[in-house]
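K.L.:
Turn this into a structure:
(one chain, ligands or ions: 1)
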Amino acid sequence: MSLPIIGLTINLIAMSVGDYSFERFYINRYYADAIVQAAAVPLLLPITTKDEIIERYVDLIDGLLLTGGHDVNPLFYGEQPHNLLTSLYPERDKYELKLIKKVFAAKKPIFAICRGMQILNVAFGGTLYQDITLGSPATIKHMQQAPAQEVTHTVTLIPDSILFSLFKRESISVNSFHHQAIKKLATGFSVCAIAPDGILESIERKDYPFMLAVQWHPEMLIEKHAEMRLLFKEFVAAANSEMQQNKYKQSSNKGISAGSIDFGKRQ
Ligand code: MN
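P.N.:
Numbering: from 1, shown residues only. Model prediction:
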């Protein structure tokens, strides 16, 4: 049995060591480990804005995991930068906005975490609070100082949402490492989970095979809070059925050409 391939977006960091300075692509291992644990193959997709490379990425993968990272450049949602904005890597934004559109056109499953949820919202026309102190309803601490493996605030799950169907209850506890949040929700999305102060913590698209985003970091909870594995399991199941459908399409195409070769031999 072959396993589905999950493409992971990655981060960029500028480093200097002694006299040398360089840029490095990297990812926190928790994302890749969570995909492996859910029985899929993690494939890191380095930043590029070249269409032909991104299109090949989309062909290669059965699902896309949008990982966490820096703030999204507010110019992409029509705002000027506020002083409370932290560091940006606009090249990653440009790359991910293209990638999201191409994966969406191919109707492949998408799971988005933290910044991933924010850029997904921006990709479909939503906006963000550049910092949750800037007019958002936030009253609780969303940048926890407890270890990442600990849950620190609750979220209410909306009935009829994919999260409610997975967790089968109205409230779960999550970790929280974000200073931004969704302001205007993009058209076509619905809310899955909301924090007690009204901050959106999870969204989905119901008119699509699988598109789920969470503001927390489930990949860092799966060891101590094993039920968070449900999210990766459900995502990988969607990627698996995407892979099976594509295989079926490819084999029925091959069937046609093999048939015509046989016909030729008989002549
Ligand atoms: Mn939070």
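K.L.:
Pull the contacting residues for the residue in the stretch 51-200 of the chain positioned nearest to the ion.
P.N.:
The ion sits closest to residue 176 of the stretch 51-200 of the chain, with a gap of 3.3 Å, by C-beta to the ion. Every residue, glycine included, has its C-beta placed from N, CA and C. By C-beta atoms under 8 Å, 6 or more residues apart in numbering, residue 176 lies in contact with 141, 142, 143, 144, 152, 153, 215, 216.
K.L.:
quick one: pLDDT of the third one?
P.N.:
In this case it means residue 143. Residue 143 carries a pLDDT score of 97 in this model.
K.L.:
Kindly report the same for the last one.
P.N.:
Per-residue pLDDT puts residue 216 at 98.
K.L.:
what about it, how many neighbours?
P.N.:
Using other C-beta atoms under 10 Å, residue 216 is surrounded by 30 other residues.
K.L.:
Make sure it is actually in contact with residue 114.
P.N.:
Yes: under the criterion of C-beta atoms under 8 Å, residue 216 makes contact with residue 114 at 7.3 Å.
K.L.:
what is in contact with these two at once?
P.N.:
Residues touching both residue 216 and residue 114 comprise residue 177, with contact defined as C-beta under 8 Å, 6+ apart.
K.L.:
any idea how far residue 204 is from residue 124?
P.N.:
12 Å (C-beta to C-beta, to the nearest Å).
K.L.:
out of these two, which sits in the more crowded spot?
P.N.:
More crowded of residue 204 and residue 124, by other C-beta under 10 Å: residue 204, with 21 against 18.
K.L.:
my guess is the more buried one contacts residue 213, does it?
P.N.:
Yes: between residue 204 and residue 213 there is a contact under C-beta under 8 Å: 7.2 Å.
K.L.:
which residues does residue 115 contact?
P.N.:
66, 67, 68, 69, 70, 71, 72.
K.L.:
Local confidence estimate at it?
P.N.:
Listed pLDDT for residue 115 reads 98.
K.L.:
low-scoring stretches of the protein, by residue?
P.N.:
253-267 (pLDDT under 70).
K.L.:
where exactly do the strands run in it?
P.N.:
For the chain, the strands defined by DSSP state E occupy 5-9, 11-17, 20-26, 41-45, 63-66, 110-113, 128-129, 153-157, 171-174, 181-182, 190-194, 200-204, 211-214.
K.L.:
Need these in a markdown table (columns: distance to residue 164).
P.N.:
Formatted as a markdown table, the strands of the chain follow (distance: least, C-beta to C-beta, whole Å):
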| stretch | distance to residue 164 |
| --- | --- |
| strand 5-9 | 24 |
| strand 11-17 | 31 |
| strand 20-26 | 35 |
| strand 41-45 | 28 |
| strand 63-66 | 22 |
| strand 110-113 | 17 |
| strand 128-129 | 25 |
| strand 153-157 | 4 |
| strand 171-174 | 10 |
| strand 181-182 | 19 |
| strand 190-194 | 8 |
| strand 200-204 | 10 |
| strand 211-214 | 12 |
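K.L.:
Return the residues of the stretch 51-200 of the chain in contact with the ion.
P.N.:
142, 176 (C-beta under 5 Å from the ion).
K.L.:
How much space separates the residue nearest in space to the middle of the chain from residue 234?
P.N.:
Closest residue to the average C-alpha location of the chain: residue 112 at 1.9 Å, with C-alpha atoms, centre = their mean. Using C-beta to C-beta, residue 112 is found at 14 Å from residue 234.
K.L.:
Find residues that contact each of those two.
P.N.:
With C-beta under 8 Å, 6+ apart as the test, residue 112 and residue 234 both reach residue 212.
K.L.:
Residue 14 - how many residues pack around it?
P.N.:
As a measure of burial, residue 14 has 10 neighbours, counting by other C-beta under 10 Å.
K.L.:
Tell me the spacing between it and the ion.
P.N.:
Counting by C-beta to the ion, to the nearest Å, the gap between residue 14 and the ion amounts to 28 Å.
K.L.:
residues touching that residue, list them.
P.N.:
Neighbours of residue 14 in contact, by C-beta under 8 Å, 6+ apart: 21, 22, 23.
K.L.:
Test of understanding: give the bridge partners of it.
P.N.:
According to DSSP bridges, the residues that bridge with residue 14 are residue 23.
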